[in-house]
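> Take this sequence and fold it.
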Amino acid sequence: MNHPCSSADLTRRAFLGRSAGGIGSVALASLLNDKLHAGQGSLPNFHHAPKAKRVIFLFMAGGPSHIDLFDPKPKLNELDGKAIPKELLKDHQQFALIRGTPNLKGSPYSFRPRGESGTIISELMPHLATIADELTVIRSMHTDTNVHDPGVNFMNCGTLLGDRPTLGSWMSYGLGSVNNDLPAYTVLTSGVSDGQPLLQSFWGNGFLESRHAGVPFRNSGAPVLHLDNPKGVSTKGRRNELDLLQWMNRRQYRTLGDPEIAARIASYELAFRMQASVPQLADLGKESEKTLEQYGADRVKPSFARNCLMARRLVERGVRFVQLYDRGWDSHTDMDREHRRQCGAADQPIAALIADLKQRGLLDDTLVIWGGEFGRTPVAQVMGKTWGRDHHPHGFTMWMAGGGMKPGLTYGATDDFGYHATENKVHVHDLHATILHQLGIDHKRLTFRSQGRDFRLTDVHGHVIKDLLG
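Residues are numbered from 1 along each chain as shown. From the prediction side, this is the model:
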């Protein structure tokens with residue numbers, strides 16, 4: 001009787017897995033060997049000297065209003081309540097929810113220059129104003145859609161589709177991990193529970209191996225499900241079970257050569273190590289009262305502030321990519337109340353995170369990114385006391401700090417109404433190219449072959465915005 005893998009039907013994967021001394025076994029060993037695994041990604045060397053080692057992406061889900069936070073428009077205020085000029089709608093895709101011709105809506109908030117750099121920040125973010133000189137503000141962002149889910153996918157994956165690797169997954173794939181006991185890519189969530197959902201594709205691995213997916217940490221109870229052993233199962237017993245499972249998976253891997261089996265083995269081993277590392281990470285007992293007060297965080301109670309403190313603890317331990325999703329920025333109505341609420345919860349901890357990273361010597365090589373999937377319209381969706389703004393992709397603001405960016409810089413501009421990006425326009429693909437550049441990666445050379453073609457985060461687009469670099 002022939003062995004199932006000795007016939008003419010022998011697959012290429014099986015051949016590679018069983019030949020040349022076991023090429024597949026070498027790959028598997030690299031996943032399981034502590035010394036090789038730590039820090040090892042697909043890139044044998046950086047493409048150029050990196051300025052950043054890790055990223056914290058503060059994602060304001062729903063779309064914060066640039067014209068109420070960072071981009072004041074006196075002319076817009078002057079024409080408040082007037083019909084929008086028709087010339088602004090020439091290259092405009094249909095509004096997400098507004099129908100007909102809406103009226104302009106100026107910002108009711110005061111702005112002034114902050115810090116030595118004179119960075120303009122509104123009254124809604126007074127704590128951020130104290131670290132204004134650390135910010136690299138981009139006022140000329142634009143994206144390809146005004147719909148939430150495709151917009152978040154685009155900001156994460158460089159495509160409107162939801163089946164592609166996210167920025168964090170590309171970082172994990174390219175650079176690997178520098179902590180063998182924690183995931184390279186973690187996700188924390190906060191904010192109001194109603195409104196737009198957070199989809200798993202927002203931190204998915206797409207066609208990359210599953211070990212490159214983001215690992216969500218829960219806000220209450222065990223940070224990660226199934227961290228504790230079942231009742232009656234000891235750590236030694238669990239180790240014996242995993243050893244047996246690993247032996248069976250290794251045999252299957254040598255037969256089939258499927259890289260997903262190797263990824264599964266590595267995932268099980270990481271999960272076992274996380275049983276010890278994650279509880280220590282999530283325990284804020286050793287954080288001082290001063291630090292908690294600085295962030296506005298509670299040791300146990302879930303909040304965006306607590307997640308910011310957790311982000312610092314994660315990057316301290318070598319996690320490559322930490323993404324914080326804060327829901328509640330989709331202010332179609334009652335925007336004054338909602339944006340005041342969101343800024344009230346986010347402003348202090350964001351400023352504390354930047355200051356804390358700096359005083360610990362981590363800001364220089366940690367790139368902090370702030371923004372949402374798009375901005376909000378300079379026109380009112382609803383007039384009166386419950387005024388709101390619709391989704392707006394044509395011009396909006398994001399900022400970065402640390403990671404070798406040029407601090408105290410305000411880059412680009414929108415028109416007099418905050419409608420279209422007009423000066424030094426920065427597309428999402430350009431943002432991704434610039435982020436990867438700071439990590440020592442040429443965005444054109446970090447690729448993965450899937451379904452017969454090479455894919456990359458920036459597809460066939462993107463330019464590094466060198467004016468942003470320090």
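> drop to CA atoms for contacts and neighbour counts, all remaining ones
Noted.
> can you pull out the strands in the stretch 151-300 of the chain?
Using DSSP state E, counting those that start in this stretch, the strands of the stretch 151-300 of the chain run over 185-191, 215-217.
> Any idea which of these gets closest to residue 309?
Nearest to residue 309 among these is strand 185-191; the distance by Cα to Cα comes to 11.1 Å.
> Touching that closest one from outside, list them.
168-169, 172, 203, 212-219, 302-304, 307, 319-328, 342 (Cα atoms under 8 Å, 6 or more residues apart in numbering).
> can I get the CA coordinates of it in CSV?
Extracted in CSV, the C-alpha atoms of strand 185-191 (Å, rounded to 0.1, in the frame of the first residue of the first chain):
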residue,chain,number,x,y,z
TYR,A,185,-0.3,43.2,17.5
THR,A,186,-2.9,44.0,20.2
VAL,A,187,-6.2,45.8,20.1
LEU,A,188,-8.1,47.6,22.9
THR,A,189,-11.6,49.2,22.6
SER,A,190,-13.6,51.8,24.5
GLY,A,191,-16.4,54.3,24.1
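> hmm, back to that, tell me the most buried of the strands of the stretch 151-300 of the chain?
Mean neighbour count (mean count of other Cα atoms under 10 Å) peaks for strand 185-191 among the strands of the stretch 151-300 of the chain, with a mean of 22.
> okay, now the closest residue to residue 313 other than its chain neighbours: neighbour count?
Residue nearest to residue 313 in three dimensions, not counting chain neighbours: residue 281, with 7.0 Å by Cα to Cα, 6 or more residues apart in numbering. Residue 281 has 15 neighbouring residues, counting by other Cα atoms under 10 Å.
> Show the model's pLDDT score for residue 281.
pLDDT for residue 281: 84.
> Can you verify my assumption that it contacts residue 314?
Yes - when contacts are counted by Cα atoms under 8 Å, residue 281 is listed as touching residue 314 (7.5 Å).
> ok, back up a step: which among the strands of the stretch 151-300 of the chain is found nearest to residue 387?
Across the strands of the stretch 151-300 of the chain, closest to residue 387 is strand 185-191 (Cα to Cα), at 21.1 Å.
> what about the closest one, average pLDDT?
96.
> Show me how far it is from its chain's centre.
Relative to its chain's centre, strand 185-191 lies at 9 Å (Cα atoms, centre = their mean, to the nearest Å).
> lowest confidence element among the helices and strands of this protein?
Sorting the helices and strands of the chain by mean pLDDT, DSSP states H and E puts helix 34-37 at the bottom, at a mean of 36.
> Which residue, other than its chain neighbours, is closest to residue 79?
residue 104 (6.8 Å).
> For burial, what's the neighbour tally of that neighbour?
Going by other Cα under 10 Å, the residues that sit close to residue 104 add up to 23.
> show me what contacts it?
Contacts of residue 104 (Cα under 8 Å, 6+ apart): 76, 79, 80, 81, 82, 83, 84, 378, 379, 380.
> circling back to that earlier point, just the buried residues of the contacts of strand 185-191.
Buried by 16 or more other Cα atoms under 10 Å: 168-169, 172, 203, 212-217, 219, 302-304, 307, 319-328, 342, out of the contacts of strand 185-191.
> Compute the distance between residue 182 and residue 129, please.
34 Å (Cα to Cα, to the nearest Å).
> and what of residue 157?
Counting by Cα to Cα, the gap from residue 157 to residue 129 is 31 Å.
> Of these two, which one has the most company?
For the pair residue 157 and residue 129, the greater number of neighbours falls to residue 157 (33 against 23), based on other Cα under 10 Å.
> can you tell me how far residue 358 sits from residue 462?
Computed as Cα to Cα, the residue 358 to residue 462 distance reads 30 Å.
> Of those two, which one has the most company?
residue 462 (20 against 16).
> Let me see the contact set for residue 326.
Residue 326 neighbours (Cα under 8 Å, 6+ apart): 58, 59, 60, 61, 189, 190, 191, 304.
> List just the nearest of those residues to residue 236.
Distances from residue 236 to the contacts of residue 326, taken by Cα to Cα, are shortest for residue 189, at 33.4 Å.
> and stretch 216-224, how far apart are its ends?
End-to-end distance of stretch 216-224 (Cα to Cα): 7 Å.
> now that stretch, how far from the centre of its chain.
Using Cα atoms, centre = their mean, the offset of stretch 216-224 from its chain centre is 18 Å.
> List of residues touching it?
186-190, 225, 278-279, 282, 300-303.
> now those residues in CSV, with distance to residue 414?
Formatted as CSV, the contacts of stretch 216-224 follow (distance: Cα to Cα, whole Å):
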residue, distance to residue 414
186, 34
187, 32
188, 32
189, 31
190, 30
225, 45
278, 44
279, 46
282, 42
300, 42
301, 40
302, 37
303, 33
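> show me where the stretch 151-300 of the chain has helices.
Assigned by DSSP state H, counting those that start in this stretch, the stretch 151-300 of the chain shows helices spanning 167-175, 235-256, 259-282, 289-295.
> list the helices and strands the helix or strand just after the shortest one packs on?
Read in the C-terminal direction, the helix or strand following helix 289-295 is helix 304-316, with elements assigned using DSSP states H and E. The criterion is 3 or more Cα pairs under 8 Å, 6 or more residues apart in numbering; DSSP states H and E, and the helices and strands that helix 304-316 contacts are strand 185-191, helix 259-282, helix 289-295, strand 321-327, helix 335-359.
> which of the ones you listed is buried the deepest?
Comparing those by mean neighbour count (mean count of other Cα under 10 Å), strand 321-327 comes out on top with a mean of 25.
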